[in-house]
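Q: Sequence first, then the predicted structure:
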Amino acid sequence: MLMNDSSHAPKSVSRSRVFTLVCLFTLAVGSGFGWRLAAPGPQAAPPPQESVNLLSSSFAVVAQKARNGVVNISTVDAPTPQGSGGATGSGFLIDTDGHIVTNLHVVQAATRITVRLADGTQYAGRFLAGDADTDLAVVKIQPRAGLQSLSFGDSDILRVGDWVIAIGSPFGLEQTVTTGIISAKERVTDRRNTLQQFLQTDAAINPGNSGGPLLNLAGEVIGVNTLIASRDGSYSGIGFALPAQTVRDVARQLIERGSVSRSLLGIYVDRVSPQFARVYGLPKETGALVQFLDDGGPAETAGLQSGDVIFEFNGRPVVSDRDLIRDLAATPGDTTVTIRYYRDGKVRSTELRTEERFSPPARAGRPRMERKGGNANSSDDERPTDRKLGIEVATPTPLKLRLLGLENLYTDTHGALVTSVSPFGVAAEVGLAEGSLIVSVNRQPVRNQVDFNEITAGLKSGDDVVLVVKRPANGRTAAGDRRLATNYLSLTMP
């Protein structure tokens, strides 16, 4: 279970394990600590205790350097019938004017905010602005004396395995320092909100750490501790921090304009699978695959289509769909941009003006269709298609569409209607759902069940397969009809 405002407790390790970690660490960054390698010749390795002392000293230096910029935040919430509540969290100063970054969930319900510095000095905090999409907020204090702020580092250059330090107030214990490593990058914990692409860390964070900084060994902020994966609300070894590149941009906009402006193209994108790249003749399996487009959105108006693969956005390479999402989030709305993309293996380019999206709607997940009525397969010749894929399909007829509750959706009934999906099959793994209409297999049009059977009969184990499917989507067209989405689903024959 993912929880806000949480973290974990340090684990003890043996002296031999510490020394092994230290050796690996010093191989990577030893020169940065001022170590000198002697001229060629026999040279003994540093004694174990010296190595431990050196690493310990580096952590202590960062902790001492950063502590005055880290704050404790306590709140009193608006009274309810159950009484008044409150929260304890963390934050850090980003300038000497008194602007503090924290998590929105720490302060969003507060009627009173108290900020306490490392030396015990207390200030009344004022909620300045927040951004629900990233769970970030800025709180302002009016300094009576000089403040020490923290600087942002470059979270893009972080590597899995890099050392990090967390400072905060777990369980109200202020200025608690824990250490760990970057366990993974670009973790999306909620597919409905891909703007949150977390750094995963095993540095211990617990309730009260939320909003506090995650630091590199230069003492720079490379993330804001936000979530943990936990069964009981306490540290289980997996924490998540929003990367500094996101935090810096969001904080700047919250201070300057009180809200965050992001670009909207009106498209829904996915990763480019190896199968899709091979079947559609792409030079590499990179880019953002356009699954479907909003009617009348900037992308559709500019001529983009489902199946296009965006590989460059405003001169910046798009390696994955997440790159494009980050680029759009960092680009203010109502901006003219240039997009380069592949269509049928050929490079195309277009210029368009984005729309502004202050609070973008969450992307709906793939719906699972619930069968309405009896068995959609009325005779043996309408029985399943491909048991290897784990699906049954049929030629769409008014009866079958009515049994699935789709009689008013598919006006063009060319295709193979998916009437059943096994939860254990490969088709289910890629998101194919009951009620979908398969209109193409490996670029070959599918008009009915017979076409589908003939095409799939020639496929063997290990073959790449790209299905083009239509499925029900949220919303309605300008004419009032229920919307259809076109998806490209990639798989390998089992």
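A: That came through, no problem.

Q: mind saving the C-alpha coords of the longest helix belonging to the chain as PDB?
A: The longest helix of the chain (DSSP state H) is helix 48-66. The C-alpha trace of helix 48-66 is given here as PDB (Å, rounded to 0.1, in the frame of the first residue of the first chain):
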ATOM      1  CA  PRO A  48      39.000  -0.600   7.200                       C
ATOM      2  CA  GLN A  49      38.500   1.900  10.000                       C
ATOM      3  CA  GLU A  50      39.900   4.800   7.900                       C
ATOM      4  CA  SER A  51      37.400   3.900   5.100                       C
ATOM      5  CA  VAL A  52      34.500   3.800   7.600                       C
ATOM      6  CA  ASN A  53      35.600   7.100   9.200                       C
ATOM      7  CA  LEU A  54      35.900   8.800   5.800                       C
ATOM      8  CA  LEU A  55      32.300   7.800   4.700                       C
ATOM      9  CA  SER A  56      30.900   8.700   8.100                       C
ATOM     10  CA  SER A  57      32.600  12.100   7.900                       C
ATOM     11  CA  SER A  58      31.100  12.800   4.500                       C
ATOM     12  CA  PHE A  59      27.600  12.000   5.800                       C
ATOM     13  CA  ALA A  60      28.200  14.200   8.900                       C
ATOM     14  CA  VAL A  61      29.400  17.100   6.800                       C
ATOM     15  CA  VAL A  62      26.200  17.000   4.600                       C
ATOM     16  CA  ALA A  63      24.000  16.700   7.700                       C
ATOM     17  CA  GLN A  64      25.600  19.700   9.400                       C
ATOM     18  CA  LYS A  65      25.600  21.800   6.200                       C
ATOM     19  CA  ALA A  66      21.900  21.200   5.500                       C
END
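
Q: Check which element follows it along the chain.
A: As assigned by DSSP states H and E, the chain's next helix or strand after helix 48-66 is strand 70-77.

Q: The stretch 201-350 of the chain: helices as residue ranges?
A: 244-257, 274-279, 298-301, 321-330 (DSSP state H, counting those that start in this stretch).

Q: Can you tell me which helices and strands the first one packs against?
A: I take that to be helix 244-257. Applying 3 or more C-beta pairs under 8 Å, 6 or more residues apart in numbering; DSSP states H and E, we find helix 244-257 packed against strand 99-103, strand 122-131, strand 136-140, strand 221-229, helix 321-330. Using the backbone N, CA and C atoms, a C-beta is placed for each residue, glycine as well.

Q: gap between the third one and the chain center?
A: The chain centre lies 22 Å from the centre of strand 136-140; the measure is C-alpha atoms, centre = their mean, to the nearest Å.

Q: swap in the last one?
A: Relative to the centre of its chain, helix 321-330 is centred 10 Å away, using C-alpha atoms, centre = their mean.

Q: swap in the second one?
A: Averaging C-alpha coordinates over strand 122-131 and over its chain gives two centres that are 27 Å apart (C-alpha atoms, centre = their mean).

Q: Sheet-wise, list the partners of it with their directions.
A: Applying DSSP bridges, strand 122-131 is found paired with strand 110-116 (antiparallel), strand 136-140 (antiparallel).

Q: wait, doesn't residue 178 sit right on residue 166?
A: Yes: contact criterion C-beta atoms under 8 Å: residue 178 and residue 166 qualify, at 4.9 Å.

Q: just checking, residue 306 touches residue 292?
A: Yes: taking contacts as C-beta under 8 Å, residue 306 lies within contact range of residue 292: 5.3 Å.

Q: Now do the helices in the stretch 351-494 of the chain.
A: Assigned by DSSP H, counting those that start in this stretch, the helices in the stretch 351-494 of the chain fall at 398-403, 426-429, 449-457.

Q: Which positions within the last one qualify as buried?
A: Put plainly, it is helix 449-457. 449, 451, 452, 455, 456 (16 or more other C-beta atoms under 10 Å).

Q: nearest to residue 316, of the residues you listed?
A: Closest approach to residue 316 among those (C-beta to C-beta): residue 455, at 38.3 Å.

Q: residue contacts, that closest one?
A: 441, 442, 444, 446 (C-beta atoms under 8 Å, 6 or more residues apart in numbering).

Q: do residue 61 as well
A: Contacts of residue 61 by C-beta under 8 Å, 6+ apart are residue 219.

Q: cool, residue 418 as well?
A: 391, 392, 393, 432, 433, 434, 435, 436, 437, 438, 469.

Q: quick one: which of these is nearest residue 323?
A: Set against residue 323, the nearest of the contacts of residue 418 by C-beta to C-beta is residue 469 (25.3 Å).

Q: what's the spacing between the nearest residue to the closest one once chain neighbours are set aside and residue 417?
A: Closest residue to residue 469 apart from its sequence neighbours, by C-beta to C-beta, 6 or more residues apart in numbering: residue 436 at 4.5 Å. Going from residue 436 to residue 417 by C-beta to C-beta, to the nearest Å gives 8 Å.

Q: Looking at these two, which is more packed in?
A: Set residue 436 next to residue 417 and count neighbours by other C-beta atoms under 10 Å: residue 436 wins out with 29 against 25.

Q: Would you mind measuring from the residue nearest to residue 469 to residue 396?
A: Taking C-beta to C-beta, one finds residue 436 at 11 Å from residue 396.

Q: any residues in contact with both of these two?
A: Common contacts of residue 436 and residue 396 (C-beta under 8 Å, 6+ apart): residue 417.

Q: export the contacts of residue 455 to a markdown table and tack on neighbour count, pLDDT and distance to residue 115?
A: Listed next are the contacts of residue 455 as a markdown table, based on neighbours: other C-beta atoms under 10 Å; pLDDT from 0 to 100; distance: C-beta to C-beta, whole Å:
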| residue | neighbour count | pLDDT | distance to residue 115 |
| --- | --- | --- | --- |
| 441 | 21 | 95 | 60 |
| 442 | 18 | 95 | 60 |
| 444 | 12 | 95 | 64 |
| 446 | 24 | 94 | 62 |
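
Q: In strands, which of those fall?
A: 441, 444 (DSSP state E).

Q: And residue 269, how far from residue 327?
A: From residue 269 to residue 327 the distance is 11 Å (C-beta to C-beta).

Q: So between the two, which is more surrounded?
A: Neighbours per residue (other C-beta under 10 Å) separate residue 269 from residue 327, with residue 269 holding more: 26 against 19.

Q: buried residues in stretch 303-319?
A: 304, 306, 307, 308, 309, 310, 311, 312, 313, 318.

Q: right, I mislabeled it, should have said stretch 121-128
A: Buried-residue list, stretch 121-128, by 16+ other C-beta under 10 Å: 123, 125, 127, 128.

Q: just how off-centre is that stretch within its chain?
A: Distance, stretch centre to chain centre, for stretch 121-128: 31 Å (C-alpha atoms, centre = their mean).

Q: same check, this time on stretch 231-244
A: 15 Å.

Q: Could you count how many residues lie near residue 159?
A: Neighbour tally, residue 159, other C-beta under 10 Å: 9.

Q: ok, now which ones touch the residue nearest to it when sequence neighbours are not counted?
A: Excluding the flanking residues, the one nearest residue 159 by C-beta to C-beta, 6+ apart is residue 182, at 6.8 Å. Going by C-beta under 8 Å, 6+ apart, residue 182 touches 158, 159, 160, 161, 162, 164, 199, 200, 201.

Q: okay, now the domains of the protein?
A: 1-25+48-260, 266-357, 380-492 (automatic domain parsing).

Q: for the second one, how far is the first residue from the last?
A: Going back to what we said before, that points to domain 266-357. Start and end residues of domain 266-357 are separated by 10 Å (C-alpha to C-alpha, to the nearest Å).

Q: model confidence over it, on average?
A: The average pLDDT for domain 266-357 rounds to 92.

Q: thinking again about what came up before, format the helices and strands packed on helix 244-257 as a markdown table; extra columns: distance to residue 423.
A: Compiled in a markdown table, these are given as follows (distance: least, C-beta to C-beta, whole Å):
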| stretch | distance to residue 423 |
| --- | --- |
| strand 99-103 | 36 |
| strand 122-131 | 37 |
| strand 136-140 | 38 |
| strand 221-229 | 24 |
| helix 321-330 | 26 |
